[in-house]
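> Return atomic coordinates for the entry below.
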Amino acid sequence: MINLKENELYQEIEIFLNDEKIGEAEIDIKGRMLSRLNIFPPYQNKGYGTQIVKMLNEKYGCSVLWVNADNKRAIHTYQKNGYEIAEPTMFLMKRGK
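Numbering: from 1, shown residues only. Presented below is the predicted three-dimensional model:
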């Protein structure tokens with residue numbers, strides 16, 4: 001059973017499967033934004049991310065998030081929960097030598 005434990009001061013959430021911590025998340029409650037989600041590697045590709053995003057959306061009404069454009073696995077998880085890519089608004093920039 002997945003349970004969420006919250007630290008309201010920082011909107012940080014620890015994610016547990018039974019009694020074992022499997023990840024962390026952070027919610028911007030005012031902006032209804034999922035600002036961070038990290039599922040630990042041993043628990044990835046098991047459907048937990050999809051389930052957790054759904055739980056967080058239902059509990060906090062999240063409607064927006066940021067994800068790296070090259071993180072295809074995360075993008076897939078978010079799309080399964082109804083998110084769509086709005087527009088590319090951030091770019092990685094490097095300074096030449």
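
> going forward, measure contacts between C-alpha atoms and count neighbours the same way
Noted.

> List the residues that contact residue 15.
Applying CA atoms under 8 Å, 6 or more residues apart in numbering to residue 15 gives the contacts 2-5, 21-25.

> Same list, the residues you listed, but as JSON lines with distance to residue 50 please.
Listed next are the contacts of residue 15 as JSON lines, based on distance: CA to CA, whole Å:
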{"residue": "2", "distance to residue 50": "12"}
{"residue": "3", "distance to residue 50": "14"}
{"residue": "4", "distance to residue 50": "14"}
{"residue": "5", "distance to residue 50": "18"}
{"residue": "21", "distance to residue 50": "17"}
{"residue": "22", "distance to residue 50": "13"}
{"residue": "23", "distance to residue 50": "13"}
{"residue": "24", "distance to residue 50": "14"}
{"residue": "25", "distance to residue 50": "13"}
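
> Show me which pair in the residues you listed is furthest apart.
Spatially, the most separated pair among those is 2 and 25, at 13.4 Å (CA to CA).

> out of the two, which sits in the more crowded spot?
Applying other CA atoms under 10 Å to residue 2 and residue 25 shows that residue 25 carries more neighbours, namely 20 against 15.
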